[in-house]
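Visitor: structural data only, the sequence is not supplied:
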């Protein structure tokens, strides 16, 4: 319990640093986006590859398959759950809310949380969990904003995503037992270890832009309750009935308890679907995710 509390305090301290760095103007919006791109395209893939080299036998492979299937189930459930919850909302808000229910910030925020709570093996499992979500993000998720379905474009986006490529490389190395030479493994590990710190700094920068008046919007609070409490609780109860390991259950639940993904506001801006509301959705749910993740971490550990 002390270790979990220390980890949460460390994450909170990093958030505070990012918050004040942004408030003091040391990072511009452009600089923030560049740092986010660095994490997504370089740091996180390095971290994922090294996480697959932590060892493990049949139990690890069985857990990976279980997490993949659980994630597929969660994605299918959230599609219909979002439609049911928000069918009476104005169209633009409905699109943002449905997308935010389906596509969480599990990749950006969930990976460092999973690693912090469950160690390197937790990060590996989190990487597997994210494969169905990334597919959903570029297919059903994107079609909410565009109204079109393009299977070829979806496959290209998914297969060429750096994190998916990192999963493929990591799986290959794990299954074959090949060892990377030291001059490759050392920089991969060094860069990968920056993931948690940089991710939390960026989240802190996002929180620095929050308008406290947004907390009065009951729609945002109801969304956050569903995204951070109700959905992970359903996943937790279902996993208790399934023959999965404690670690596989923990990773699945903690990633189901992530706030709205940043792409919610990015796509809303691109397709003119109430980007102001979408941004508030991301920021408010991210802010409320701090205590929610702390509580879930203590329950699941």
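Guide: Noted; the coordinates are in hand. Small disclaimer: the values here were computed from a predicted structure and weren't measured. Numbers count the residues shown, from 1 in each chain.
Visitor: any idea of the mean pLDDT for stretch 237-252?
Guide: Over the span of stretch 237-252, the pLDDT mean works out to 92.
Visitor: pull out the buried residues from it.
Guide: 238, 239, 244, 245, 247, 248, 249, 250, 251, 252 (16 or more other C-beta atoms under 10 Å). Yep, even glycine has a C-beta here, placed from its N, CA and C like the rest.
Visitor: closest to residue 161 out of those residues?
Guide: Residue 161 lies nearest to residue 251 out of those, by C-beta to C-beta, at 19.9 Å.
Visitor: which strands or helices does whichever strand or helix holds the closest one pack on?
Guide: Residue 251 is part of helix 246-256, with elements assigned from DSSP states H and E. Packing partners of helix 246-256 (3 or more C-beta pairs under 8 Å, 6 or more residues apart in numbering; DSSP states H and E): helix 58-85, helix 111-118, helix 120-136, helix 231-240, helix 275-300.
Visitor: helix 231-240 and the first one, what's the angle between them?
Guide: This points to helix 58-85. Orientation of helix 58-85 against helix 231-240 (axes from the mean of the first three to the mean of the last three C-alpha atoms, to 10 degrees) gives an angle of 140 degrees.
Visitor: in helix 58-85, what's buried?
Guide: For helix 58-85, by 16+ other C-beta under 10 Å, it's 60, 63-64, 66-68, 70-72, 74-75, 77-79, 81-82, 85.
Visitor: and it, what other elements does it pack with?
Guide: For helix 58-85, the packing partners by 3+ C-beta pairs under 8 Å, 6+ apart are helix 91-102, helix 120-136, helix 231-240, helix 246-256.
Visitor: tell me which helix or strand comes right after the last one.
Guide: It refers to helix 246-256. helix 263-270.
Visitor: re the thing from before, out of the helices and strands packed on helix 246-256, which gets the lowest mean score?
Guide: For the helices and strands packed on helix 246-256, where the average pLDDT is lowest is helix 111-118, sitting at a mean of 80.
Visitor: as CSV, the buried residues of stretch 237-252 with distance to residue 200 would be great.
Guide: Supplementary listing: the buried residues of stretch 237-252 in CSV, determined by distance: C-beta to C-beta, whole Å:
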residue, distance to residue 200
238, 30
239, 27
244, 28
245, 27
247, 23
248, 25
249, 25
250, 20
251, 19
252, 22
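Visitor: ok, which pair from these is furthest apart?
Guide: Taking C-beta to C-beta, no two of these sit farther apart than 238 and 247, at 16.4 Å.
Visitor: contacts for stretch 26-36?
Guide: By C-beta atoms under 8 Å, 6 or more residues apart in numbering, the residues outside stretch 26-36 that reach it are 21, 22, 108, 198, 201, 202, 205, 206, 262.
Visitor: ok, 7 Å please
Guide: 21, 198, 202, 205 (C-beta atoms under 7 Å, 6 or more residues apart in numbering).
Visitor: turn the residues you listed into TSV, including secondary structure and pLDDT.
Guide: Conversion of the contacts of stretch 26-36 to TSV gives the following (DSSP: H, G, I helix; E, B strand; the rest coil; pLDDT from 0 to 100):
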residue	secondary structure	pLDDT
21	helix	89
198	helix	83
202	helix	78
205	helix	81
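Visitor: biggest separation within those residues, which pair?
Guide: Pairwise distances across those (C-beta to C-beta) peak at 11.8 Å, for the pair 21 and 198.
Visitor: what average pLDDT does the helix or strand that contains residue 145 get?
Guide: In this assignment (DSSP H and E), residue 145 forms part of helix 142-146. For helix 142-146, mean pLDDT is 79.
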